[in-house]
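*Asks:* Test case, fold it:
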Amino acid sequence: MSTNSENPLQQPAAIQQNPWERLSDGKAIFAFVCVLLSYSIYYVDRALVTNIMPRIAGQLDGMQLYSWVFTINMLIATCMAPIWGKLSDTYGRRNIFMIMLGSIMAGLIVCSFSTNFLMLIAARGIVGFGAGGIQAVTFALIADLFAPADRGKYSGWTTVMVGLAGSLIPVTAGWVTDTFGWRAAFLMPVPLAVIALLLDYFIVPNVRSQTKPKIDYIGSLLLAMATVPLLLAFSWAGSLYKWGTPVNMSLIAFALIMFVVFYKHESRTPHALISPALLKNRPFVTAALVSVGMAFSLLGVMIYVPLFNQGILGLSTTVHGAVMAPREICGIAAGLIAGWLMSKTKRYKWLLILGPTSSVIVLVLLSYVEPGVSILYLTVLLAAQMAFGGFMPAVNPIAALNGLKPEESGQAAGTLYYFSALGLALAPSLLGSVLNSGFSSALQAKLTPELVASLTTAQNAAIHNPRILLNPAAMKSLESSFSSLGPNGAEAFRQVVDIVRGSMHQGLQELFLVAAAITFVSVICAISLKELPMAERVAKRGH
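*Replies:* Purely as a prediction, here's the structure:
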């Protein structure tokens, strides 16, 4: 919070009676630790789901809808991000935190009891409803508590929670899944969420407006009407509809029209959900675009490397978790070092350039990885992405919120994470379409007419569904069906499986290259960012 010597009666109501002003430095840091625990729930859930989802998709026959588990989560989170940010300014950050955590807990419990893949997708939507505002409200709180020059140091600790979740949860979730089943794995974060709820209630002050809250309900509806069709267009392209079909183009055109209508509405309303002034702030918009591009690199690895490890290399969920763990440990170190460097140098632009640049290099190298790759090489390659880019979730908000007024923090953070969530929602949709298209094209090219003629209808359907690579029971069933072919059955089975595995590998190679190309846009945006001075003072707290 910046020092304000004006008459308190002339200050915005949201900051007139701010409980943070009555906190000592020690109590403020304790409150920050409580908030940090709540923030970690989002990443615990994400690390859990990305690791065990291939197994679940195989068991519930959900490979054709695989990307929708992530798309529905991020679609709802995208729509909710600016809404949660605005609500935290008006109803109080602590209250909003507790509502969001409650939604995440409910969604995880429903995930555990899902009986089919569609129910699981719906449950992930419930999780997304709460997760949409976790990041935005967390960084709004950091902006409330600490001066811009100090925010990097504390924001760096958010990457510690990300790294701990990413390094410990995949291994733990893999072991729980292999031992007790995936339903038990979904219940793992619930006790942690309960503890976070209690600490938030008793420790974190509730910053709220003293005026009657005004929520832009029409703006929220218009934003949803623009966002949902856009995400559906990308989700359905390459699966239900081809790119360029009337349905696909109509959805995109409708989304663009609604974005224009939304912007015009926001320009006229005094309590805008997303302030038009923010969209005219070049440093803010540039940082937001960086976050959109980076979503493709992060999810390209988090969602689809598990498919490569488990489907192509045949690794168990436990071993896959061990391969990913060093990546997250590097993220912890990178976040702390980057935060310290920002606090010392008061510079952040070079970090924004380094992050996406390293991700582009890693994604290109992943596209050339073959099934016989060394596990050590793969582990080092994945770790390198976080070692030189794991600080991005902490650095990007610093760049976006630097120079803004304290009373703008909630709305600005919510808007930033709308863009970030938009990228996170578009990434699995677009990349999933690339994977499905690449897999189908490669499979058709590899299957000879003679081989297809020798297959039964059931066998032909099975090899067009890559779930056989992820579900041991489905693979065993397919192998048994080939025994009827006599002595040549075993060889035909191996040939078919090699074709399916090779087709999946080719689809993943294309996916990593597309993710690299989109991430390169973030590199360009980061280079063009105007770096602003970082203030070193906030209003003095009472002791």
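*Asks:* show me where pLDDT drops low in the stretch 201-350 of the chain?
*Replies:* Within the stretch 201-350 of the chain, the stretches with pLDDT under 70 are 205-213, 238-240.
*Asks:* What segments of it are helices?
*Replies:* For the stretch 201-350 of the chain, helices defined by DSSP state H, counting those that start in this stretch occupy the ranges 217-236, 246-268, 276-279, 282-307, 317-345, 349-366.
*Asks:* Ok, which of these comes nearest A425?
*Replies:* Closest approach to A425 among these (Cβ to Cβ): helix 217-236, 5.2 Å. Where you see a C-beta, it was placed from the backbone N, CA and C, and this is true even at glycine.
*Asks:* Other residues contacting the closest one?
*Replies:* Residues outside helix 217-236 that contact it (Cβ atoms under 8 Å, 6 or more residues apart in numbering): 67-68, 71, 75, 78-79, 82-83, 247-248, 251-252, 254-256, 258-259, 261-262, 265-266, 269, 272-274, 418, 422, 425-426, 429-430, 432-433.
*Asks:* Over whichever strand or helix holds L511, what's the mean pLDDT, rounded is fine.
*Replies:* For L511, the host element (DSSP states H and E) is helix 489-528. Helix 489-528 shows an average pLDDT of 91 in the prediction.
*Asks:* how much does it deviate in direction from helix 349-366?
*Replies:* Counting by axes from the mean of the first three to the mean of the last three Cα atoms, to 10 degrees, helix 489-528 lies at 160 degrees to helix 349-366.
*Asks:* Please point out which parts of helix 489-528 sit buried.
*Replies:* Neighbour counts using 16 or more other Cβ atoms under 10 Å place 492-493, 496-497, 499-516, 518-523, 525-526 of helix 489-528 among the buried residues.
*Asks:* Run through the neighbouring helices and strands of that helix.
*Replies:* helix 282-307, helix 349-366, helix 409-446, helix 449-454, helix 457-463, helix 472-482 (3 or more Cβ pairs under 8 Å, 6 or more residues apart in numbering; DSSP states H and E).
*Asks:* next SSE after the second one?
*Replies:* For helix 349-366, the following helix or strand on the C-terminal side (DSSP H and E) is helix 375-387.
*Asks:* Dump that following helix to CSV, restricted to CA.
*Replies:* Extracted C-alpha coordinates of helix 375-387, given in CSV (Å, rounded to 0.1, in the frame of the first residue of the first chain):
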residue,chain,number,x,y,z
ILE,A,375,15.1,-41.5,-18.0
LEU,A,376,17.9,-39.4,-16.7
TYR,A,377,18.0,-37.2,-19.8
LEU,A,378,14.2,-36.8,-19.7
THR,A,379,14.3,-35.9,-16.0
VAL,A,380,17.1,-33.2,-16.6
LEU,A,381,15.2,-31.8,-19.5
LEU,A,382,12.0,-31.4,-17.6
ALA,A,383,13.9,-29.9,-14.6
ALA,A,384,15.5,-27.3,-16.8
GLN,A,385,12.1,-25.8,-17.7
MET,A,386,11.5,-25.0,-14.1
ALA,A,387,15.0,-24.1,-13.2
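*Asks:* Can you name the next helix or strand after that helix?
*Replies:* Using DSSP H and E, the first helix or strand after helix 375-387 is helix 392-401.
*Asks:* Alpha carbons only: can I get that following helix in CSV?
*Replies:* C-alpha atoms of helix 392-401 as CSV (Å, rounded to 0.1, in the frame of the first residue of the first chain):
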residue,chain,number,x,y,z
MET,A,392,7.0,-17.0,-13.8
PRO,A,393,3.9,-17.4,-11.6
ALA,A,394,5.5,-15.1,-9.0
VAL,A,395,7.3,-12.7,-11.4
ASN,A,396,4.4,-12.1,-13.8
PRO,A,397,2.0,-10.6,-11.2
ILE,A,398,4.8,-8.3,-10.0
ALA,A,399,5.2,-6.9,-13.5
ALA,A,400,1.4,-6.6,-14.0
LEU,A,401,0.5,-5.0,-10.6
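*Asks:* What count of nearby residues applies to the closest residue to F259 other than its chain neighbours?
*Replies:* Residue nearest to F259 in three dimensions, not counting chain neighbours: A226, with 4.4 Å by Cβ to Cβ, 6 or more residues apart in numbering. Other residues near A226 number 20, with proximity taken as other Cβ atoms under 10 Å.
*Asks:* How about V452?
*Replies:* By the criterion of other Cβ under 10 Å, V452 has 12 neighbours.
*Asks:* contacting residues for the residue nearest the centre of the chain?
*Replies:* Nearest to the mean C-alpha position of the chain, counting by Cα atoms, centre = their mean, stands L424 at 4.9 Å. L424 sits next to M74, A77, T78, A295, L298, L299 when contact means Cβ under 8 Å, 6+ apart.
*Asks:* average pLDDT for the host helix or strand of L36?
*Replies:* L36 belongs to helix 25-59 when assigned by DSSP H and E. For helix 25-59, mean pLDDT is 80.
*Asks:* Tell me what angle that helix forms with helix 282-307.
*Replies:* Using the same axes, to 10 degrees: helix 25-59 against helix 282-307 is 40 degrees.
*Asks:* residues near A394, how many?
*Replies:* 29.
*Asks:* hang on, it packs against V160?
*Replies:* No - with contact defined as Cβ atoms under 8 Å, A394 does not count as touching V160 (9.5 Å).
*Asks:* which residues do those two both contact?
*Replies:* By Cβ under 8 Å, 6+ apart, the residues touching both A394 and V160 are G335.
*Asks:* Could you measure from S316 over to M475?
*Replies:* Taking Cβ to Cβ, to the nearest Å as the measure, S316 falls 14 Å from M475.
*Asks:* Quick check: buried residues in the helix or strand hosting N95?
*Replies:* Using DSSP H and E, N95 maps to helix 93-112. Across helix 93-112, burial judged by 16+ other Cβ under 10 Å covers 93-98, 100-101, 103-108, 110-112.
*Asks:* Can I get it as CSV, trimmed to CA atoms?
*Replies:* These are the backbone C-alpha positions of helix 93-112, laid out as CSV (Å, rounded to 0.1, in the frame of the first residue of the first chain):
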residue,chain,number,x,y,z
ARG,A,93,-10.5,-11.3,0.9
ARG,A,94,-10.8,-13.8,3.8
ASN,A,95,-14.5,-14.5,3.2
ILE,A,96,-13.8,-15.1,-0.5
PHE,A,97,-10.9,-17.4,0.3
MET,A,98,-13.1,-19.6,2.5
ILE,A,99,-15.8,-19.8,-0.2
MET,A,100,-13.3,-20.8,-2.8
LEU,A,101,-11.7,-23.4,-0.6
GLY,A,102,-15.1,-24.9,0.2
SER,A,103,-15.9,-25.3,-3.5
ILE,A,104,-12.5,-27.0,-4.1
MET,A,105,-13.2,-29.4,-1.3
ALA,A,106,-16.6,-30.3,-2.5
GLY,A,107,-15.4,-30.8,-6.0
LEU,A,108,-12.6,-33.2,-4.8
ILE,A,109,-15.1,-35.3,-2.9
VAL,A,110,-17.3,-35.6,-5.9
CYS,A,111,-14.3,-36.5,-8.0
SER,A,112,-13.6,-39.4,-5.6
